[in-house]
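**Q** next come a sequence and a model predicted from it.
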Amino acid sequence: MKLSALFIAIEVGGTLAFAMSGLLEATRKRMDIVGVFSVAFVSAFGGGTVRDVLLDRRPLFWIQHEVYLWLVLLLVLSAPLWLMTLRHKLGGWLMELADAFGLGLFAISGTSIATAAGMPPLVALLMGAITAVFGGVSRDVLCNEIPKVYRDHQPYTLCALAGCGAFLAMHSLGMSAESASLIGIATATGSRLLSVAFDWRLPSWLSTSK
Amino acid sequence: MKLSALFIAIEVGGTLAFAMSGLLEATRKRMDIVGVFSVAFVSAFGGGTVRDVLLDRRPLFWIQHEVYLWLVLLLVLSAPLWLMTLRHKLGGWLMELADAFGLGLFAISGTSIATAAGMPPLVALLMGAITAVFGGVSRDVLCNEIPKVYRDHQPYTLCALAGCGAFLAMHSLGMSAESASLIGIATATGSRLLSVAFDWRLPSWLSTSK
Amino acid sequence: MKLSALFIAIEVGGTLAFAMSGLLEATRKRMDIVGVFSVAFVSAFGGGTVRDVLLDRRPLFWIQHEVYLWLVLLLVLSAPLWLMTLRHKLGGWLMELADAFGLGLFAISGTSIATAAGMPPLVALLMGAITAVFGGVSRDVLCNEIPKVYRDHQPYTLCALAGCGAFLAMHSLGMSAESASLIGIATATGSRLLSVAFDWRLPSWLSTSK
């Protein structure tokens, strides 16, 4: 009972954090209200939508839980009231925190749904990463940028994968889905917060452009 | 009988107008024949395809009505014959007219199909907007531009939403689907034509880039 | 028996060639390991995934044949070992060869699957082209470029279409699916290799930007 309430709170926080990242990026690109709402919407729901389409799940999760649509709509419509406040350090810190929780929860939701649908571990890992990351990738494509998660050399997708791996390991050891989810989310979100706090970087990849 | 003929005429006109917008944009980007056809195709069918995939409808509408494919193909292949003519003022005006009709019809088709599939009003509104707008968004992404409808500050998507709202209101009042569709299309297309004629603009959104 | 082994060999070669094109492009854009893997993955599986989603086929082909996922993963992880070698002329020539085989096989797989699903010839042709080309288109969109196949004025998609047309013609004449596939692949791959060897160009399309 309490646990599912916790999951819902995390999911709401993560959805809003992802929507916010779209809202901020679209605002930076000087889009109009339609663009800002569209990019916020795609940032929040893009990953889960692609997961549902790839796994052929209907209704889509944001149609099933229509309340998330209303929350994102309210977030965008109320943005003029609080957007200035967010520029303070506390706002940025809150954003990173909510985004890290969203990363963890979306990743585990993708992996656990794929596992429940009978997918093998590698596919379940990929579904976790796609669910967690594809919203941000779509946001950057719509804003005409190379996806940030592909080139910022920060461990973001890798944190999601670590969490998904922890979930799969615990699950295969016979742990309940709920406990395994908690450990997975803690792993993904925790490693992401650590990587932000200590500014961890990925080693650089080869370059052929020299 | 006559009414469905009217709808088909509007749908053909709208499809061709959307395809034309892709053709022109791809030509401007100096694409080759494959690029021009692809972008015209995506502009015309992208919105309806995404609607059908999100709602899990098969066959896709352009597979069910294969004649639309042939029309877009003919449009692209015959473009060298009439493309010069289009630069005259009359051509531009005809394009705006056909595009406004396409906007109205695609929007109402999205909303009415979603309503028939049991979707709640907010989802039906979104499906209307996605059907009307996503072809143009895909066109601009393929042409490596920020989607025009997100940043031109003109009421385009909002006209579509107004038409969808009018359809939903009439429908919930017990009006027949056909009459409600006519009113919805008239609202979307009419408000779009008015906004072009009088050059209406959306109020500017917040900017964080100062 | 031997024939299906041949098809599998071609499919593996084509998948790896497409993944490689993504790997190289992402490396050129200085992406990190996550970006390189994602773009390689999308380049290799994007076309077939869109085909499967449009035709509503599940499980997706790369979930059904999970080994392709492992191959692409190995390719990316082992890249530091051989990426330097590839810059030699032999490497570039091998890439073109594998890519041309991938083009042929992906195109015919799209057309034959669509035909088996009861699609009319024009739709089957389009599915062939989408399967062959959409991976590369997605690669370029993620790398923030106008898709190369839309603007390089080389016969690439047209070679795919020629192969699909040959397959459909042979198939409608009563030839077995396997023989028709071989002829289709030979047509697409052969015409592509010829067009590279002789540097064929498409005639230029109209330009409105003068």
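**A** Right, received. Where do you want to start? Residues are numbered from 1 along each chain as shown, chains lettered A, B, ... in the order given.
**Q** ok and the residue in chain A nearest chain B?
**A** Residue nearest to chain B within chain A: A:Gly35 (2.8 Å; C-beta to the nearest C-beta). All C-beta atoms are positioned from the backbone trio N, CA, C, and that covers glycine.
**Q** what sits against that residue?
**A** Neighbour list for A:Gly35: A:26, A:29, B:146-147, B:149-151 [criterion: C-beta atoms under 8 Å, 6 or more residues apart in numbering or on different chains].
**Q** for the record, mean pLDDT for the helix or strand where it lies?
**A** A:Gly35 is part of helix A:33-54, with elements assigned from DSSP states H and E. Averaging the model's pLDDT scores along helix A:33-54 yields 95.
**Q** likewise stretch A:16-23?
**A** Mean pLDDT, stretch A:16-23: 91.
**Q** which bits of chain A sit near chain B?
**A** By C-beta under 8 Å from any C-beta of the partner chain, the residues of chain A that approach chain B are A:24, A:26-36, A:38-39, A:49, A:53, A:56, A:58, A:60, A:63, A:66, A:69-70, A:73, A:79-80, A:83, A:87, A:141-144.
**Q** ok, A:Gly46 - contacts?
**A** A:Gly46 touches A:134-139, counting by C-beta under 8 Å, 6+ apart.
**Q** quick one: which of those residues is nearest to A:Ser195?
**A** In terms of C-beta to C-beta, no member of the contacts of A:Gly46 lies closer to A:Ser195 than A:Gly136, at 15.8 Å.
**Q** quick one: contacts for the closest one?
**A** Per C-beta under 8 Å, 6+ apart, neighbours of A:Gly136: A:18, A:21, A:43, A:46-47, A:147-149.
**Q** quick one on the thing from earlier: now do the buried residues in the helix holding A:Gly35.
**A** A:33-54 (16 or more other C-beta atoms under 10 Å in any protein chain shown).
**Q** what's the helix or strand just after that helix packed up against?
**A** Next along the chain after helix A:33-54, taking DSSP H and E as the criterion, comes helix A:61-64. If you count contacts as 3 or more C-beta pairs under 8 Å, 6 or more residues apart in numbering or on different chains; DSSP states H and E, helix A:61-64 packs onto helix A:33-54, helix A:67-77.
**Q** looking at those helices, which is nearest to B:Leu182?
**A** Set against B:Leu182 and scored by C-beta to C-beta, these come closest in helix A:33-54, at 25.1 Å.
**Q** CA-only coordinates of the closest one in CSV, if you can.
**A** C-alpha atoms of helix A:33-54 as CSV (Å, rounded to 0.1, in the frame of the first residue of the first chain):
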residue,chain,number,x,y,z
ILE,A,33,3.2,28.2,-26.3
VAL,A,34,2.5,25.4,-28.7
GLY,A,35,6.1,24.5,-29.1
VAL,A,36,6.8,24.7,-25.3
PHE,A,37,3.9,22.4,-24.5
SER,A,38,4.8,20.0,-27.3
VAL,A,39,8.4,19.7,-26.3
ALA,A,40,7.5,19.3,-22.6
PHE,A,41,5.0,16.7,-23.5
VAL,A,42,7.4,14.7,-25.7
SER,A,43,10.2,15.0,-23.1
ALA,A,44,7.9,13.6,-20.4
PHE,A,45,6.1,10.9,-22.4
GLY,A,46,8.4,10.1,-25.3
GLY,A,47,10.4,7.3,-23.6
GLY,A,48,7.4,5.5,-22.2
THR,A,49,5.5,5.9,-25.5
VAL,A,50,8.3,4.3,-27.5
ARG,A,51,8.5,1.5,-25.0
ASP,A,52,4.8,0.8,-25.2
VAL,A,53,4.8,0.9,-29.0
LEU,A,54,7.9,-1.4,-29.3
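**Q** distance from that helix to the middle of the chain?
**A** 11 Å (C-alpha atoms, centre = their mean, to the nearest Å).
**Q** so it versus helix C:33-54, what angle?
**A** Helix A:33-54 runs at 80 degrees relative to helix C:33-54, counting by axes from the mean of the first three to the mean of the last three C-alpha atoms, to 10 degrees.
**Q** show me which residues of chain A are close to chain C?
**A** Looking at chain C, the residues of chain A close enough under C-beta under 8 Å from any C-beta are A:53-56, A:119-120, A:122-123, A:126, A:137, A:141, A:144-147, A:149-153, A:156-158, A:202, A:204-209.
**Q** for the closest residue to chain C within chain A, which non-adjacent residue is closest in space?
**A** In chain A, the residue that lies nearest chain C is A:Tyr150 (2.8 Å; C-beta to the nearest C-beta). Of all residues not flanking A:Tyr150 in the chain, C:Gly35 sits nearest, at 2.8 Å (C-beta to C-beta, 6 or more residues apart in numbering or on different chains).
**Q** what do you get for A:Ala188?
**A** A:Gly163 (2.6 Å).
**Q** mean confidence for the helix or strand where the one you found lies?
**A** Per DSSP H and E: A:Gly163 is located in helix A:157-172. The average pLDDT for helix A:157-172 rounds to 97.
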